[in-house]
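J.: I would like to see how this sequence folds:
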Amino acid sequence: MNYEASTHLSDTKFKRLVGIERRVFNEMLACLEQAQAAVHQRGGRKLKISMPNLLMATLQYFKEYRTYEQIAADFGIHENTLIRKSHWIEDTLSKQGFAIATQTPTKDDIAIVDVSEVRVNRPKKTKH
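T.: Numbers count the residues shown, from 1 in each chain. From the prediction side, this is the model:
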């Protein structure tokens, strides 16, 4: 879902779909727009995607863990652009005190690891 489509959602539904409150989203957006203005103070190429949509795409990646390829196709940009800009967003927001990608496990967290063995047929090595 792009940013324009999310503007009509209630605050509760916005948080369910995006993973953060609209107020926090707007704070993140303000930090990113300020950082983008500082980076492009001397000029440079304009983004092909708006900053709200770029933030929305990044948050979708962290919430849903779909591939960058799928999210980039939804937003009409190249996968490499999304990867590069998502990393920039994560770095910029972490410097401003936001933590969007990491959660520290607590003592009550449970991890389930699948360690079942699967037989793999491999070709025999031939001597040359």
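J.: What count of nearby residues applies to the residue nearest to Met1 when sequence neighbours are not counted?
T.: Excluding the flanking residues, the one nearest Met1 by C-beta to C-beta, 6 or more residues apart in numbering is Leu17, at 6.3 Å. The C-beta positions use only the backbone N, C-alpha and C, and glycine is treated the same way. When neighbours are defined as other C-beta atoms under 10 Å, Leu17 has 16 of them.
J.: which residues are contacting stretch 29-39?
T.: Leu47, Met51, Pro52, Leu54, Leu55, Ile89, Thr92, Leu93, Gln96, Phe98 (C-beta atoms under 8 Å, 6 or more residues apart in numbering).
J.: Any idea how many residues pack against the first one?
T.: Using other C-beta under 10 Å as the criterion, Leu47 is surrounded by 14 other residues.
J.: check contacts around it.
T.: Applying C-beta under 8 Å, 6+ apart, the residues contacting Leu47 are Gln36, Leu54, Lys85.
J.: Angles on the backbone of the second one, please.
T.: Translated: Leu54. phi -70, psi -40 (degrees, to the nearest 10).
J.: my read: it touches Ile89, true?
T.: Yes - the pair Leu54 / Ile89 is scored as a contact, 6.8 Å apart, by C-beta atoms under 8 Å.
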